[in-house]
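S.K.: Structure, please.
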Amino acid sequence: MSDKVLLTGISGWIAKHTSIELLNSGYEVLGTVRNKNLVEQTKETIGKYASIDKLSFVELDLIKDDGWNEAAKGCKYIFHIASPFPMKVSNNREILLPPAVDGTLRVLKAGVNAGVEQIIKTSSIVAMFRKPNRSNPYTFGENDWTDENWIEGVNDYFLSKTKAERAAWDFMEGKGLKNKLTTINPGGVFGDALDKKGGTSIEYVRQFMAGKFPGAPKFAVLISDVKDIAKAHVACIGNKKVGGRRLIVGKEVKRLVELSQLIAEAMPEYAKKLPKKELPNFMVKLISYIDSSAKMMIPDLGILMQTDTSYAEELLGFKFKPAKDCMAENARSVVRLGLV
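M.R.: Numbering: from 1, shown residues only. Next comes the predicted model:
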């Protein structure tokens, strides 16, 4: 068996960074795409940063059984990164569950059937920190779970990430294979955009820099550098210490107005367009009726989250990037790619 990695959703932002890290570390990568039309653009982007001699693709759909067992055969590791992250919030809380939960179980079953050595799943801190009646500031850690029964506070995306991660742990524990699974739980993902098909977090930075926000919502988030997330996935390979662990990847919690300040420091020519003040909570709630992307923030408005990620740095063997460097790289890449 070669050091081959099945990497799901390779056309996504985190997955592209992770495939670059894998290829530059000498691994063979088989990337899954939902649509073969995504292959050329993905190959072109990855090829700018790594040799693609050991890169191949397979067209697979998370909501269909077809092909997953065949794809996993001959792979030593699985990185399950694919998961929907829409910009808008749906009124149907369960709309994302088929690809997120059922898709996760398809990938894990294929991995177990193929006898892979390790499965690394990309989750999120959104599976950890949202529950009613929190203190402020609110501290969360590896053993915390979002309350999926909190209807008002847990939207479609939060529900999909929480249920998908719980399903993964339940499945692996049921097979007696918990130590073969590790989850990577980043916060708000920022950093080098690579190409114009960036993630939802990049869209927020783009809108900030384009002057779309008169002020910043009173919302704070753990800042996670996309390259750290990619590096964390690869650092798990063969690392016995990370088996059965949920690794929170990110360095500092920042309010959105602080992110705006960091972008202004890195790109002073955009300072005039960036928000300098915080919006009152009632205004964000009003905006959410017009723009559903604002709904994602409402349950956390005014709450400062806290978490200690030093345990993850210790297990993975490297230090995470500070928010300042991460946001500067994000802003520069948005400009470089002509997104503003």
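S.K.: any chance you could map the strands in the stretch 201-340 of the chain?
M.R.: According to DSSP state E, counting those that start in this stretch, the stretch 201-340 of the chain carries its strands in the segments 220-225, 246-249, 252-255, 305-306.
S.K.: could these go into JSON lines alongside mean pLDDT?
M.R.: Written out in JSON lines, the entries for these read as follows (pLDDT from 0 to 100):
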{"stretch": "strand 220-225", "mean pLDDT": "96"}
{"stretch": "strand 246-249", "mean pLDDT": "98"}
{"stretch": "strand 252-255", "mean pLDDT": "96"}
{"stretch": "strand 305-306", "mean pLDDT": "95"}
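S.K.: so can I have a markdown table of these showing distance to Leu286 and mean neighbour count?
M.R.: (C-beta placed from N, C-alpha, C; glycine too.) Converted to a markdown table, the strands of the stretch 201-340 of the chain look like this (distance: least, Cβ to Cβ, whole Å; neighbours: other Cβ atoms under 10 Å):
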| stretch | distance to Leu286 | mean neighbour count |
| --- | --- | --- |
| strand 220-225 | 21 | 27 |
| strand 246-249 | 33 | 26 |
| strand 252-255 | 20 | 19 |
| strand 305-306 | 24 | 18 |
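S.K.: can I get these in JSON lines with distance to Val335?
M.R.: Conversion of the strands of the stretch 201-340 of the chain to JSON lines gives the following (distance: least, Cβ to Cβ, whole Å):
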{"stretch": "strand 220-225", "distance to Val335": "18"}
{"stretch": "strand 246-249", "distance to Val335": "26"}
{"stretch": "strand 252-255", "distance to Val335": "21"}
{"stretch": "strand 305-306", "distance to Val335": "29"}
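S.K.: quick one, which of those strands is nearest to Ser160?
M.R.: When the strands of the stretch 201-340 of the chain are ranked by proximity to Ser160, the top entry is strand 246-249, at 16.8 Å, counting by Cβ to Cβ.
S.K.: Run through who's touching the closest one.
M.R.: Strand 246-249 is touched from outside by 123, 125, 128, 141-142, 165, 182-187, 222, 224, 228-229, 232, 236, 307, 309, 312, 315-316, 320, with contacts defined as Cβ atoms under 8 Å, 6 or more residues apart in numbering.
S.K.: Weed out the non-buried ones from these.
M.R.: For the contacts of strand 246-249, a burial check counting by 16 or more other Cβ atoms under 10 Å picks out 123, 125, 128, 142, 165, 182-187, 222, 224, 228-229, 232, 236, 307, 309, 312, 315-316, 320.
S.K.: In helices, which of those residues appear?
M.R.: Secondary structure defined by DSSP state H assigns 165, 228-229, 232, 312, 315-316 of the buried ones among the contacts of strand 246-249 to helices.
S.K.: Please identify which pair of these lies farthest apart.
M.R.: Pairwise distances across these (Cβ to Cβ) peak at 19.4 Å, for the pair Glu165 and Asp228.
S.K.: In a strand, Leu6, correct?
M.R.: Yes. Secondary structure of Leu6, determined by DSSP: H, G, I helix; E, B strand; the rest coil: located in a strand.
S.K.: does it have beta-bridge partners, and which?
M.R.: In this structure, Leu6 has the following beta-bridge partners (DSSP bridges): Leu30, Ile78.
S.K.: is it true that it touches Ala82?
M.R.: No. Leu6 is beyond contact range of Ala82, at 11.0 Å (criterion: Cβ atoms under 8 Å).
S.K.: where along the stretch 1-150 of the chain do the strands fall?
M.R.: Secondary structure of the stretch 1-150 of the chain by DSSP E, counting those that start in this stretch: the strands cover 4-7, 28-33, 55-59, 77-80, 118-122, 138-139.
S.K.: I'd like the mean pLDDT over the fourth one, please.
M.R.: Over the span of strand 77-80, the pLDDT mean works out to 98.
S.K.: Determine the set of other helices and strands touching that strand.
M.R.: Strand 77-80 is packed against strand 4-7, helix 13-24, helix 103-114, strand 118-122, with contacts defined by 3 or more Cβ pairs under 8 Å, 6 or more residues apart in numbering; DSSP states H and E.
S.K.: Ile52 is nearest to which of these?
M.R.: For Ile52, the closest of the helices and strands packed on strand 77-80 is helix 13-24, at 7.0 Å, according to Cβ to Cβ.
S.K.: Return the closest one as PDB; C-alpha atoms alone will do.
M.R.: Extracted in PDB, the C-alpha atoms of helix 13-24 (Å, rounded to 0.1, in the frame of the first residue of the first chain):
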ATOM      1  CA  TRP A  13     -10.200  26.300  -0.400                       C
ATOM      2  CA  ILE A  14      -9.000  24.400   2.600                       C
ATOM      3  CA  ALA A  15      -8.700  21.200   0.500                       C
ATOM      4  CA  LYS A  16      -6.500  22.900  -2.100                       C
ATOM      5  CA  HIS A  17      -4.100  24.200   0.500                       C
ATOM      6  CA  THR A  18      -4.100  20.700   2.100                       C
ATOM      7  CA  SER A  19      -3.400  19.000  -1.200                       C
ATOM      8  CA  ILE A  20      -0.400  21.400  -1.800                       C
ATOM      9  CA  GLU A  21       0.900  20.500   1.700                       C
ATOM     10  CA  LEU A  22       0.500  16.800   1.000                       C
ATOM     11  CA  LEU A  23       2.100  16.900  -2.500                       C
ATOM     12  CA  ASN A  24       5.100  18.900  -1.200                       C
END
